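> one predicted model, sequence on top.
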Amino acid sequence: MYKLNENDKEYIDGLWERIDKKLQWVAPATKDKLPYTTINGVYNNMAEDDVSWWTNGFWGGMMWLMYLGTGNEMYRDVAERSEELLDAAFDEYDKLHHDVGFMWHITAGVNYRVTGARKSYVRASIAADILASRFNIKGGFIRSWNDEFPGRVIIDSMMNIPLLYWASRETGDDRFRHIAVAHADKLMTAHIRSDGSVNHIVHLDPETGAFEQSFGGQGYGEGSSWTRGQAWALYGYVLSYIHTGDVKYLDISKRVAHYFIANICGEWVSRVDFRSPEEPVIYDTTAAACAACGLLEIARVVPEHEKRLYLSAAINIVKTLDTGFCDWGDKEQSILQKGTEAYHREATREIPLIYGDYFLAEAVYKLKGNKLLFW
Ligand code: GLY
């Protein structure tokens with residue numbers, strides 16, 4: 001699927017083996033948890049702490065990546081257990097938010113697509129119904145959170161809407177796709193700036209959908225460039241292209257990718273914001289890992305002569321994360337280190353974050369030639 005030279009192929013094979021070797025002991029030890037970060041090297045458990053937390057699908061998603069990439073049934077058992085643990089979030093119904101896509105599309109959604117399991121189909125379908133129900137018909141967007149701001153929309157949502165494209169295909173009911181497309185179109189003008197950088201949070205008028213104000217969100221400040229938000233846009237828009245065939249979404253993804261590559265090249269690891277002061281240096285490796293996955297999808301869908309830019313950037317990122325930011329030892333359960341929740345949240349800067357491991361594993365899964373698109 002990707003044309004890798006012999007050195008890169010050998011390198012990626014070796015990296016996949018290291019991920020597998022580490023997860024072979026981490027996965028059974030974490031079977032009854034939904035991990036978010038590690039404390040003294042051991043994964044915490046969001047099934048107890050906050051089962052509705054937006055990242056609670058990444059562990060199960062990573063277990064599916066490992067099952068499909070290795071055939072080891074142990075990973076499938078752990079993935080299925082995580083899906084059961086996640087059910088408690090449906091009982092906390094009014095705490096749920098737009099991140100039901102992150103939570104169920106790569107867990108129950110993948111389970112259903114791989115095994116046809118009826119229970120997983122129901123879970124993914126309920127999640128799609130919840131997400132669709134958040135659509136503001138007059139404003140033309142999906143509401144992000146349940147706070148006092150009904151017009152608040154965050155760029156992260158572009159990763160949730162593939163659940164809606166799936167629901168339309170699965171049910172034959174185009175309403176889900178219409179909602180996803182309206183949302184993607186709205187964010188193209190509200191969030192994506194002309195230079196390829198991206199607003200994190202935007203307030204829209206809930207009566208008209210008109211742009212009111214943008215906020216720095218988890219980045220440095222208004223007008224800055226939170227790197228994970230850039231990655232959500234880069235990956236999210238190429239996914240909308242793949243699911244709809246509308247080339248304007250690919251063009252947006254490429255524009256954000258060019259901006260991302262221009263800012264990361266040389267270092268090949270992301271700081272938390274491309275437009276924060278030089279000091280202090282605060283890394284957010286999760287942004288680079290997620291962007292690598294989006295770059296690999298762009299590389300897959302563009303014509304032959306365009307592929308090299310995106311593929312080589314993704315490989316540079318993966319190698320840099322592996323050599324400088326991963327823990328391959330047996331005292332620490334997470335792999336990718338130095339993820340950051342938000343620039344101004346000092347307590348959660350440069351910590352392991354489960355989605356960092358997920359996206360690193362997904363990038364290597366893709367580079368190995370595995371075909372199932374999780375999103
Ligand atoms: N979706 C929230 C975040 O990226 O931190």
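It's in.

> quick one: the strands in this protein, in order.
38-39, 42-43, 135-136, 141-142, 152-154, 201-204, 211-215 (DSSP state E).

> turn those into a markdown table, including mean neighbour count, distance to the ligand and mean pLDDT.
Bear in mind the C-beta positions are built from the backbone N, C-alpha and C, glycine included. Listed next are the strands of the chain as a markdown table, based on neighbours: other CB atoms under 10 Å; distance: least, CB to the nearest ligand atom, whole Å; pLDDT from 0 to 100:
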| stretch | mean neighbour count | distance to the ligand | mean pLDDT |
| --- | --- | --- | --- |
| strand 38-39 | 14 | 17 | 98 |
| strand 42-43 | 18 | 18 | 98 |
| strand 135-136 | 20 | 19 | 98 |
| strand 141-142 | 26 | 14 | 98 |
| strand 152-154 | 23 | 7 | 98 |
| strand 201-204 | 22 | 11 | 98 |
| strand 211-215 | 15 | 14 | 98 |
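
> could I get the ones you listed as CSV with distance to V122?
Below are the strands of the chain laid out as CSV (distance: least, CB to CB, whole Å):
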stretch, distance to V122
strand 38-39, 32
strand 42-43, 28
strand 135-136, 21
strand 141-142, 22
strand 152-154, 28
strand 201-204, 32
strand 211-215, 37
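
> dump the residue contacts of the closest residue to the ligand within the stretch 51-200 of the chain.
Evaluated by CB to the nearest ligand atom, the stretch 51-200 of the chain has D156 as its residue closest to the ligand, separated by 3.8 Å. D156 is in contact with D99, S144, R228, G229, W232, counting by CB atoms under 8 Å, 6 or more residues apart in numbering.

> tell me the contacts of the residue lying closest to the third one once chain neighbours are set aside?
Leaving aside its chain neighbours, R228 sits nearest to A287 (4.1 Å; criterion: CB to CB, 6 or more residues apart in numbering). Applying CB under 8 Å, 6+ apart to A287 gives the contacts T227, R228, Q230, A231, S270, V272.

> which of those fall within helices?
Of the contacts of A287, the ones assigned to helices by DSSP state H are T227, R228, Q230, A231.

> wait, F135 sits on H183?
Yes: using CB atoms under 8 Å, F135 makes contact with H183 at a distance of 7.3 Å.

> so how far is Y343 from the residue nearest to R228?
12 Å (CB to CB, to the nearest Å).

> ditto for T323
For T323, the distance to Y343 - CB to CB - is 25 Å.

> out of these two, which sits in the more crowded spot?
Y343 (22 against 10; other CB atoms under 10 Å).

> just the pLDDT for that one.
pLDDT for Y343: 98.

> quick check: closest non-adjacent residue to the closest residue to the ligand within the stretch 251-375 of the chain.
Across the stretch 251-375 of the chain, the shortest distance to the ligand (CB to the nearest ligand atom) belongs to E341, at 5.9 Å. Sequence neighbours aside, T348 is the residue nearest to E341 in space, at 4.0 Å (criterion: CB to CB, 6+ apart).

> which residues touch I179?
By CB under 8 Å, 6+ apart, the neighbours of I179 are A132, F135, I142, I161, L164.

> I figured D99 hits N160, correct?
Yes: at 6.2 Å, D99 counts as touching N160 under the criterion of CB under 8 Å.

> on that earlier part again, of the ones in helices among the contacts of A287, just say which sits nearest to S197.
Q230 (6.7 Å; CB to CB).

> which positions in the stretch 1-150 of the chain make contact with the ligand?
W54 (CB under 6 Å from any ligand atom).
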